[in-house]
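Colleague: Sequence first, then the predicted structure:
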Amino acid sequence: SQQGEEDPQALSIQEGENATMNCSYKTSINNLQWYRQNSGRGLVHLILIRSNEREKHSGRLRVTLDTSKKSSSLLITASRAADTASYFCATGGYSSASKIIFGSGTRLSIRP
Amino acid sequence: DAGVIQSPRHEVTEMGQEVTLRCKPISGHNSLFWYRQTMMRGLELLIYFNNNVPIDDSGMPEDRFSAKMPNASFSTLKIQPSEPRDSAVYFCASTPGRFSYEQYFGPGTRLTVT
């Protein structure tokens, strides 16, 4: 069964607007990662936030983590057409050799 | 580095045939993961290896699926016999280990079983 569930399943916004995607998970985690998948391609790692962190930034990306609510959000500011993709959260194990479980993803479309 | 390499990129086969998917992880990475992605089931972990040893194969759907990693630079996923419901995109990913959790994905193999 999937650990993380993204919300919404699909999101369409105007170029330049901000996009927010949410992820909820069920069990305790060591870290949470966000990945992007362009159509027909493999997943690409975007950012990792550890369970003892509450917020993390990387360029136009901002990730928050609320372990009390078992939820995370990914904010993409000033969206661009190239941001059109599916975005997945993934919850990891307690070692780098552990498996991670991916959510079902949010399909983001940026309208020009 | 060339990244994770998968072959073939596309495979079309008839039901009952054997299918072998190949993966070359990034040099120096010590964990390798096989995933299957479909619209209905999303991204599923099939099996993963650490230092060439299978750690968890609980995601392998049936005995028709098998995976090997004979050395640190090569892994195969075999389906024998293949069925139409095996049609999916199969991804291989590797991680450096050593406290690095980021997974590096290959481009995937799109399998169609008719």
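Modeller: Everything's here; your move.
Colleague: tell me the strands in chain A, going along the chain?
Modeller: A:5-7, A:10-14, A:19-24, A:31-37, A:43-50, A:55-58, A:61-66, A:71-76, A:85-91, A:101-102, A:106-111 (DSSP state E).
Colleague: cool, and chain B?
Modeller: Using DSSP E, strands in chain B cover B:5-7, B:10-13, B:19-24, B:31-38, B:42-50, B:53-56, B:65-71, B:74-79, B:88-95, B:104-105, B:109-113.
Colleague: How many neighbouring residues does the nearest residue to A:Thr20 once chain neighbours are set aside have?
Modeller: Leaving aside its sequence neighbours, A:Thr20 sits nearest to A:Leu75 (C-beta to C-beta, 6 or more residues apart in numbering or on different chains; 5.1 Å). (C-beta placed from N, C-alpha, C; glycine too.) By the measure other C-beta atoms under 10 Å in any protein chain shown, the count of residues near A:Leu75 is 14.
Colleague: From chain B, how far out is A:Leu75?
Modeller: Noted for A:Leu75: a distance of 20 Å to chain B, by C-beta to the nearest C-beta, to the nearest Å.
Colleague: in the chain, what spans have low per-residue confidence?
Modeller: In the absence of a named chain, chain A is used. A:1-3, A:93-97 (pLDDT under 70).
Colleague: sorry, should have said chain B
Modeller: In chain B (pLDDT under 70), the answer is B:1, B:98.
Colleague: Good, wrapping up.
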